[in-house]
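> How does the following fold in three dimensions:
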Amino acid sequence: MALLAALSLRPSATVSSRGAPRLGRSTEWHESTLEEMRWERADTSSRRWAIWGTLCGALAALVLFAPAAWLASSVASGTGGRVILADASGSIWNGSAVAVLAGGEGSRDARALPGRIEWKLRPALNGLKIELAQDCCISERALLTVTPGIGRVSVKLHGAPGWIGQWPAQWLAGLGTPWNTLQLGGALRLSSPDGIALHGAKGRWRVDGSATLDLLDVSSRVSTLDRLGSYRLSLASDPGNAGRARLELSTTDGALQLSGSGEIGAGGVRFRGEASAQGDPAPLQNLLNIIGRRDGARSVIVIG
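Numbers count the residues shown, from 1 in each chain. Prediction:
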């Protein structure tokens, strides 16, 4: 019985020849298992950080080197296909393209500006800053600030002395009817010494500031006159009526007399004006029939 009792003992340690305890096999296996688990945890953590690092690097590269075509697609979508940045090259941060006006989806009308428009886009505290340059049509670098938000967006054109941009009036033909019929000649010159901002929310727009668009030495293929005249369209926010802006159209000089007034508000654009001939009306009859509703010798222009 004593022999059986001795054989049934399973000590976890033995004594060495010098009397010191020696770990048994179960203790050695336990330590080996813990070491393996620590190694696996370290390996898993390293892999996790490597994956996160790869994802962050890929995201940074995607943002830094996003193609200019992405910006072109956003502009076309936001304008209903009326403003197109064709042949876009570079990145969304530094790129260039050919500026095209078109009649929207399904339209066959399109007209491109000569040369390329260049942009530089930079993050700002209140959104994004965009510098625009174009040899043919922008006097110096035009500066825009775009401030996005949830269901809203603000676009500010910073003021500049003199004129900011000047474009050929023929460019408007790309928008389709009635511009493709009128086939205007001359130039469109934009100025805004103090700057102007458009604030949009849920399809409604509010204007802050002022701007002037001069139509210089205008001509049209539907008139036999070489020159119709020069005109000014002024846009300015109304201090007494928050959220609305006044529109004023006047004639600087010319055989075709244009005048009118209106506003831009939550309901869109509303404008009432008239066109008439100074002197012999015969060369202007076709034009007067196209640009408005005839009321005797004058043509009534109604928008909105």
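
> Output the below-cut-off pLDDT ranges for the stretch 1-150 of the chain.
Where the stretch 1-150 of the chain drops to pLDDT under 70, the residues are 1-65.

> 80 instead, please
1-65, 106 (pLDDT under 80).

> For Leu198, give the beta-bridge partners.
Counting by DSSP bridges, Leu198 forms beta bridges with Val155, Val207.

> Let me know how buried the nearest residue to Ser230 once chain neighbours are set aside is, in neighbour terms.
Leaving aside its chain neighbours, Ser230 sits nearest to Thr252 (4.2 Å; criterion: Cβ to Cβ, 6 or more residues apart in numbering). Every residue, glycine included, has its C-beta placed from N, CA and C. Residues near Thr252, counting by other Cβ atoms under 10 Å, number 12.

> List the neighbouring strands of the helix or strand hosting Thr252 plus their orientation.
According to DSSP states H and E, Thr252 maps onto strand 245-254. Within its sheet, and counting by DSSP bridges, strand 245-254 is paired with strand 229-237 (antiparallel), strand 256-265 (antiparallel).

> quick one: buried residues of the first one?
Applying a neighbour-count criterion of 16 or more other Cβ atoms under 10 Å, the buried positions in strand 229-237 are 229-237.

> what mean pLDDT would you report for it?
Average pLDDT, strand 229-237: 96.

> re the thing from before, can you lay out the strands paired with strand 245-254 as CSV showing distance to Gly151?
CSV is the format used below for the strands paired with strand 245-254 (distance: least, Cβ to Cβ, whole Å):
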stretch, distance to Gly151
strand 229-237, 22
strand 256-265, 19
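
> Quick one: closest of those strands to Arg141.
The closest approach between Arg141 and any of these, judged by Cβ to Cβ, belongs to strand 229-237 at 22.4 Å.

> With that, I have no additional questions.
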